[in-house]
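S.K.: Here is a sequence together with a model predicted from it:
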Amino acid sequence: MSGEAVAVRDLVKHYGRVEAVRGLSFTIAPGECFGLLGPNGAGKTTTVEILEGLLPATSGDAVVLGRRWGRDDHEIRERLGVCLQQTVLSEKLQVGETVSLFRAFYREGRHPEEVVEEVGLREKRGARVGTLSGGQKQRLAVACALVGDPELLFLDEPTTGLDPQSRRQVWDIVNGFKRRGRTVVLTTHYMDEAERLCDRIAVVDHGQIIAEGTPRELIRTLGGDHVVEIALEDGAPGELRPEDLADLPAVRSVHAEAGRLLLTVTEPHLALPPLLDRVSARGFALAGLSTRHASLEDVFVSLTGRHLRDE
Amino acid sequence: MSDRTRLRAFFALCLARLRESYREPEVLFWGFVFPVLLSAALAVAFRDRPPEASRAIVLARPGSEPVARALAASRLVKVETAGEEEAARALRMGRADVVVVPPAAPARPVEYRLDPSRPEAGIARARVDDALQRAAGRADPVGTRDVATSEPGGRYVDFLVPGLVGMNLMSAGMWGVGFVLVDMRIKKLLRRLLATPMRPADFLAAQMVTREVFTVVEVGFLFGFAHLALGVPVRGSVTAVFALALLGSLCFAGLGLLVACRARKIETVNGLMNVLMLPMFVGSGVFFSVERFPQAVQPVLRALPLTSLIDALRAVVLEGADLASQWPRLVLLTAWGGVSFAVGLRLFRWS
């Protein structure tokens, strides 16, 4: 048996004429948290649902925990935890009853109360699911995925639509699971989520992987760790184009976006003084300037020219 | 999965479904309150009551006084006195069944004004005439005596209760299984369950078994109520009644599964349910006997599962028949349920 938790080669999925997944290949090591990062409709959910055994692939090969769907389905399911995108659990059942129901499906697993405690719903144990907030419902969905004590956990957009505090709670639960040496596959269109949780990321767009690596590696492909953003006062003579700034020291790339200019720089303290000189020498005045660390969002923009959440 | 895990999963699914059901106020209403209200309302509407009095108007004129007095003495006539114009209007509007015109002079005939096309008018004329003739001293040459024949088991309400129980088993079985499955499909809960080691067939079986538990409670409650409050007799064996109800309920749960096997919208399943249930509401003899339909459509109506269930229930409850005598109906119910379940399972869509 191979040592990989998941191994995918040339995975393709067509829905009629639509090609949702167009030849994905990746491997995930045990204990790794692997993220599929991309905009809505990139093919992330389709890929994950093939790996979960819920959809058949059109072609390609997917090995999950050393086994293949169609032959060892039952054995794989015993070892998987699944959190679908927006599952609505039965509103009439209580929190504890719901987790116990899921526990009953698995040969081996964890004590429901322990899992309820772990996701921070101990006080809500006797509450009907229908009375929970969005964040509590999502944590319950994660609890249902954890109660079978899975080796491999799938989380499809686990924090979409949640408030910041609920998102952090979900992240804490996932980090706890990782600390026990288990494997996680996560899809998200939030770059902060991918940066915070994932050991390795595949950036997916139009059904293909366009970049893959650790968050640091991906950001390093930009050439610099920092982004300087400037906005100009109106009524200036002519136009300041990205090319006009590309030759400045420590600047790796420049592009224009929504009336502003974004510069990727290695060291801001070397880039800023000549930048200010250049702007005023050309007869422009600054309306605003900010610097920040480069993010995966910048990586996506530099790869595709679009934002993750343009849709 | 070991058999033990499988069994545990099955019971957990049944328990979850039971909890969902009894926590749903609608289930309690349609299963218990509604049939009781309906049979109570119908029992009141069709209760045994004294014959309704005929309404007569005596035209106000000299000599009307003794006529009105003679009529007022009769239990079967309600009498009023009114002027020419008002009497004519009351007759026209159906407020009076007959208008009595006292003779203008002694020895002249009494005049009855009535609309002969109305059945009440004929009855009213006979009663009024009878009362007036007796008051005038007529003696009947032959003695007569009335005996009432309405006894438990032969009343409309006795006919109705097994029909209502059958109808209830049909709606509860089809809605209880079909609607729930489509709802779970829409919420992606079916898909979520499929991602666990749970056996799909066990899940569907749990839905049907849970229906059976409710059937026992509902049927016991409804026949209990009908027996205690309305005096409906149960002449056959109670075991046979429950066995029939369980078979009928399984049959309709199978139909519910079939209706719900592909639908992805509540509207779709609603429509399909109505298409299937409406002919049975009307044609399966819930409220009146199937024999009232034209001869030509009767074989079709007899082939419907609800007709078989209700006919068998009536035979057992009202006539004391045993189950063996009902075998063609039992076979028909089993066939409907079995085929629907098999086809529904085969076509079932989990997402």
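M.R.: Done, it's in. Residues are numbered from 1 along each chain as shown, chains lettered A, B, ... in the order given.
S.K.: low pLDDT regions in the stretch 151-300 of chain B?
M.R.: Residues of the stretch 151-300 of chain B that meet the criterion pLDDT under 70 lie in B:151-152.
S.K.: Against chain A, how distant is residue B:89?
M.R.: 60 Å (CB to the nearest CB, to the nearest Å). Glycine gets a C-beta too; all of them are placed from N, C-alpha and C.
S.K.: Chain neighbours aside, what residue packs nearest to that residue?
M.R.: Leaving out its chain neighbours, the residue that sits closest to residue B:89 by CB to CB, 6 or more residues apart in numbering or on different chains is residue B:95, at 8.0 Å.
S.K.: Helix or strand for the one you found, just tell me which one.
M.R.: For residue B:95, there is no helix or strand it lies in under DSSP states H and E.
S.K.: Test my guess that it contacts residue B:55.
M.R.: Yes: with contact defined as CB atoms under 8 Å, residue B:95 counts as touching residue B:55 (6.9 Å).
S.K.: So the two - more neighbours on which side?
M.R.: Regarding residue B:95 and residue B:55, a neighbour count based on other CB atoms under 10 Å in any protein chain shown identifies residue B:55 as having more, with 17 against 14.
S.K.: The host helix or strand of the more buried one pairs with which strands, parallel or anti?
M.R.: Using DSSP H and E, residue B:55 sits in strand B:54-59. When pairs are called by DSSP bridges, strand B:54-59 turns out to pair with strand B:77-82 (parallel), strand B:98-101 (parallel).
S.K.: CA atoms only: put that strand into CSV for me.
M.R.: Extracted in CSV, the C-alpha atoms of strand B:54-59 (Å, rounded to 0.1, in the frame of the first residue of the first chain):
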residue,chain,number,x,y,z
SER,B,54,-93.0,20.5,8.1
ARG,B,55,-93.5,24.2,7.9
ALA,B,56,-97.1,25.4,7.2
ILE,B,57,-98.5,28.9,7.0
VAL,B,58,-102.2,29.5,7.7
LEU,B,59,-103.5,32.5,5.8
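S.K.: Tell me the spacing between the nearest residue to residue B:54 once chain neighbours are set aside and residue B:99.
M.R.: Nearest residue to residue B:54, sequence neighbours excluded (CB to CB, 6+ apart): residue B:124, at 3.5 Å. In this view, residue B:124 and residue B:99 are 10 Å apart by CB to CB, to the nearest Å.
S.K.: any residues in contact with both of the two?
M.R.: Here residue B:124 and residue B:99 share the contacting residues B:56, B:114, scored by CB atoms under 8 Å, 6 or more residues apart in numbering or on different chains.
S.K.: More neighbours: the two, which one.
M.R.: It is residue B:124, of residue B:124 and residue B:99, that has more neighbours when counted by other CB under 10 Å, with 25 against 22.
S.K.: Quick check: the more buried one touching residue B:55?
M.R.: Yes: between residue B:124 and residue B:55 there is a contact under CB under 8 Å: 7.0 Å.
S.K.: who touches both of these two?
M.R.: B:77, B:97-98.
S.K.: Including neighbour count, could the residues you listed go into TSV?
M.R.: Shown next, in TSV, are the shared contacts of residue B:124 and residue B:55 (neighbours: other CB atoms under 10 Å in any protein chain shown):
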residue	neighbour count
B:77	22
B:97	26
B:98	26
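S.K.: Return the residues in contact with residue 94.
M.R.: I went with chain A, as the question did not name one. Counting by CB under 8 Å, 6+ apart, residue A:94 has contacts A:125-129.
S.K.: not what I meant, chain B
M.R.: Neighbour list for residue B:94: residue B:118 [criterion: CB under 8 Å, 6+ apart].
S.K.: List phi and psi for it.
M.R.: Residue B:94 has phi and psi values of phi 80, psi 10 when expressed as degrees, to the nearest 10.
S.K.: Tell me the spacing between it and chain A.
M.R.: Distance of residue B:94 to chain A, computed by CB to the nearest CB: 53 Å.
S.K.: what about that residue, distance to residue B:117?
M.R.: 12 Å.
S.K.: Around chain B, pick out the residues from chain A.
M.R.: With CB under 8 Å from any CB of the partner chain as the criterion, chain A meets chain B at residues A:52-54, A:74, A:77-78, A:80, A:82, A:84, A:86-90, A:92-93, A:97, A:100-102, A:104-107, A:128, A:144, A:148.
S.K.: out of the residues you listed, which are inside strands?
M.R.: Among the residues of chain A next to chain B, the members found in strands (DSSP state E) are A:80, A:82.
S.K.: Give the ChimeraX command for selecting the buried subset of the residues of chain A next to chain B.
M.R.: Of those, the buried ones can be selected in ChimeraX as follows, counting by 16 or more other CB atoms under 10 Å in any protein chain shown:
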select /A:52,53,54,77,78,80,82,84,87,88,89,90,92,93,97,100,101,102,104,105,106,107,128,144,148
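S.K.: mind listing which of the residues of chain A next to chain B are in helices?
M.R.: A:74, A:77-78, A:97, A:100-102, A:104, A:144 (DSSP state H).
S.K.: now for those residues, which pair is the farthest apart?
M.R.: Within these, two members stand farthest from each other by CB to CB: A:74 and A:97, at 24.8 Å.
S.K.: Identify, from the shared contacts of residue B:124 and residue B:55, the entry nearest to residue A:116.
M.R.: residue B:97 (74.9 Å).
S.K.: Apart from its chain neighbours, what residue comes closest to that closest one?
M.R.: Nearest to residue B:97 is residue B:124, by CB to CB, 6+ apart, at 3.5 Å.
S.K.: Show me which positions of the helix or strand hosting the one you found end up buried.
M.R.: Following DSSP H and E, one finds residue B:124 within helix B:119-135. By neighbour count on 16+ other CB under 10 Å, the buried set for helix B:119-135 is B:120-125, B:127-128, B:131-132.
S.K.: Dump those into CSV; add pLDDT as well.
M.R.: Below are the buried residues of helix B:119-135 laid out as CSV (pLDDT from 0 to 100):
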residue, pLDDT
B:120, 85
B:121, 89
B:122, 89
B:123, 90
B:124, 90
B:125, 92
B:127, 91
B:128, 91
B:131, 89
B:132, 89
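S.K.: Neighbours of residue 273, how many?
M.R.: Using chain A. Residue A:273 has 11 nearby residues by other CB under 10 Å.
S.K.: I was after chain B.
M.R.: A total of 21 residues lie near residue B:273 under the criterion other CB under 10 Å.
S.K.: same deal with the one 4 residues further on?
M.R.: Close neighbours of residue B:277, defined as other CB under 10 Å, add up to 20.
S.K.: Show me what the helix or strand encompassing it is packed up against.
M.R.: Under the criterion of DSSP H and E, residue B:277 resides in helix B:266-283. Contacts defined by 3 or more CB pairs under 8 Å, 6 or more residues apart in numbering or on different chains; DSSP states H and E place helix B:266-283 against helix B:156-174, helix B:180-186, helix B:238-260, helix B:305-319.
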